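K.L.:
next come a sequence and a model predicted from it.
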Amino acid sequence: MKTLNDLLLLGDPRLYETCEPILKHDQPFIEDWVADLANVMLEVRAKYNFGRAIAAPQLGIMKRLIYMNINEPIVFINPELTNLSKDMFELWDDCMSFPNLLVRVMRHSTLTIKYFDLNWKPQEWHMEGALSELLQHEFDHLNGILCTMRAIDDKAYKWK
């Protein structure tokens, strides 16, 4: 079982890699990957008092997998973002891979996420506001993009 000590931190080169899709032959590993993501997210919540979702590459699992738990756990396998709104909003973004740093970024107000669930059934969910922002952040992780790379300017950083 992975723990907080396994969380990749800012500067780790793996955080800048693009993840591979999950294939059918990866299915036996998904349950363990999700358990690791859930465990580390709980440890981050206990230590830093934040954390709504985590992407697999943050634990060195270089697969297109996102775990979210706000009111209930949801797993996004091979997610794709579509229908990104032209309307954007600005916010202070945080990240488990650099838990004491906030970064000012712009995010799309709404989007649609298409993904496979744990039963390998295709799903689609229209998101707006905080959920839209959250999934954009996690989806970026799958493409090796950190919110530090989306900072609105060179003064868009703040310690928390």
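P.N.:
Sure thing, it's come through.

K.L.:
who's in contact with the longest strand along the chain?
P.N.:
Scanning the chain for the strand with the most residues, using DSSP state E, yields strand 73-82. Applying Cβ atoms under 8 Å, 6 or more residues apart in numbering, the contact partners of strand 73-82 are 21-22, 30, 34, 38, 64-68, 111-118, 120, 135-136, 138-139, 142. In short, each C-beta sits where N, CA and C put it, glycine included.

K.L.:
tell me who's in contact with residue 70.
P.N.:
residue 52.

K.L.:
er, residue 112 I mean
P.N.:
81-83, 124-127.

K.L.:
the residue nearest the centre of the chain sits in which helix or strand?
P.N.:
The residue lying closest to the centre of the chain (Cα atoms, centre = their mean) is residue 138, at 2.1 Å. For residue 138, the host element (DSSP states H and E) is helix 129-142.

K.L.:
buried ones in that helix?
P.N.:
131-142 (16 or more other Cβ atoms under 10 Å).

K.L.:
same list (those) but as JSON lines, adding distance to residue 160 and pLDDT.
P.N.:
Converted to JSON lines, these look like this (distance: Cβ to Cβ, whole Å; pLDDT from 0 to 100):
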{"residue": "131", "distance to residue 160": "22", "pLDDT": "97"}
{"residue": "132", "distance to residue 160": "22", "pLDDT": "98"}
{"residue": "133", "distance to residue 160": "17", "pLDDT": "97"}
{"residue": "134", "distance to residue 160": "17", "pLDDT": "98"}
{"residue": "135", "distance to residue 160": "22", "pLDDT": "98"}
{"residue": "136", "distance to residue 160": "20", "pLDDT": "98"}
{"residue": "137", "distance to residue 160": "16", "pLDDT": "98"}
{"residue": "138", "distance to residue 160": "19", "pLDDT": "98"}
{"residue": "139", "distance to residue 160": "23", "pLDDT": "98"}
{"residue": "140", "distance to residue 160": "20", "pLDDT": "98"}
{"residue": "141", "distance to residue 160": "20", "pLDDT": "98"}
{"residue": "142", "distance to residue 160": "25", "pLDDT": "99"}
